[in-house]
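Q: starting from these lines, generate the structure:
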Amino acid sequence: MVSPNSPRSQLPTIGWREWIKLPELGIDKIKVKVDTGARSSALHAWNIEEFKKGGQLWVRFRVYPLQRDNQFTIQAEARILEYRSVRSSSGKSSLRPVIVTPVEILGETWPVELTLANRDAMGFRMLLGREAIRHRFLVDPGKSWYGGRPKKKKTTKKTQDKS
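A: From the prediction side, this is the model:
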């Protein structure tokens, strides 16, 4: 049990699923799985292209920020920090580009390292690993959406003219 005077007791709590923002990538909302079993964080990206900008290596990529929606895409760019060998949950290693970008949740914003990978077969477009949340949040594995849910767009049903 965490003592009431412990520094950890002062940390805000997040759930195992949350909605976050990636403002520098132009992503206003993306549902993430908070995974304390994963060291690093990963973002589903495709059409990944390297290019030089100001003498540095950058990457341009596309993101489907919404689950089960392959129509709405965002194109983003970020400087490549490095390439890192990452082992997936299936045990397969791959060399992935790593970027650093601010993440926003519960009114807090801080830089996070993200690996870019094809997560088409995964349930979430983004995984927020333990390095990203260490010393910032406690995770409640039994709850979700401490940061709230984005408002859904209202759909209007067309009614038939009964004349």
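
Q: for the closest residue to residue 123 other than its chain neighbours, give its distance to residue 90.
A: Spatial nearest neighbour of residue 123, excluding adjacent residues (CB to CB, 6 or more residues apart in numbering): residue 33 at 7.1 Å. The way it works is simple: take the backbone N, C-alpha and C, and place the C-beta from them, glycine included. Taking CB to CB, to the nearest Å as the measure, residue 33 falls 16 Å from residue 90.

Q: can you pull out the strands in this protein?
A: 13-15, 17-22, 27-35, 41-44, 46-53, 56-63, 74-87, 93-105, 108-117, 126-129, 138-140 (DSSP state E).

Q: mind checking the pLDDT average for the first one?
A: When the per-residue pLDDT values of strand 13-15 are averaged, the result is 96.

Q: and if you look at the third one?
A: Across strand 27-35, pLDDT averages out at 93.

Q: tabulate the CA atom coordinates of it in PDB.
A: The C-alpha trace of strand 27-35 is given here as PDB (Å, rounded to 0.1, in the frame of the first residue of the first chain):
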ATOM      1  CA  ILE A  27      -3.400  14.900 -33.800                       C
ATOM      2  CA  ASP A  28      -6.100  16.300 -31.600                       C
ATOM      3  CA  LYS A  29      -7.200  12.900 -30.300                       C
ATOM      4  CA  ILE A  30      -5.900   9.400 -30.400                       C
ATOM      5  CA  LYS A  31      -6.900   6.500 -28.200                       C
ATOM      6  CA  VAL A  32      -3.900   4.900 -26.500                       C
ATOM      7  CA  LYS A  33      -3.400   1.700 -24.500                       C
ATOM      8  CA  VAL A  34      -1.400   2.500 -21.400                       C
ATOM      9  CA  ASP A  35       0.900  -0.500 -21.200                       C
END
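
Q: residue 33 and residue 90: who's more crowded?
A: Neighbours per residue (other CB atoms under 10 Å) separate residue 33 from residue 90, with residue 33 holding more: 18 against 6.

Q: so how far is residue 147 from the more buried one?
A: For residue 33 relative to residue 147 (CB to CB), the value is 14 Å.

Q: what does residue 117 give?
A: Distance from residue 117 to residue 147, by CB to CB: 24 Å.

Q: look up how far residue 116 lies from the most centrally placed residue in the chain.
A: Central residue of the chain (CA atoms, centre = their mean): residue 126, 3.8 Å from the mean position. Note on residue 126: its distance to residue 116, by CB to CB, is 11 Å.

Q: what residues are shared contacts of these two?
A: 42-43 (CB atoms under 8 Å, 6 or more residues apart in numbering).
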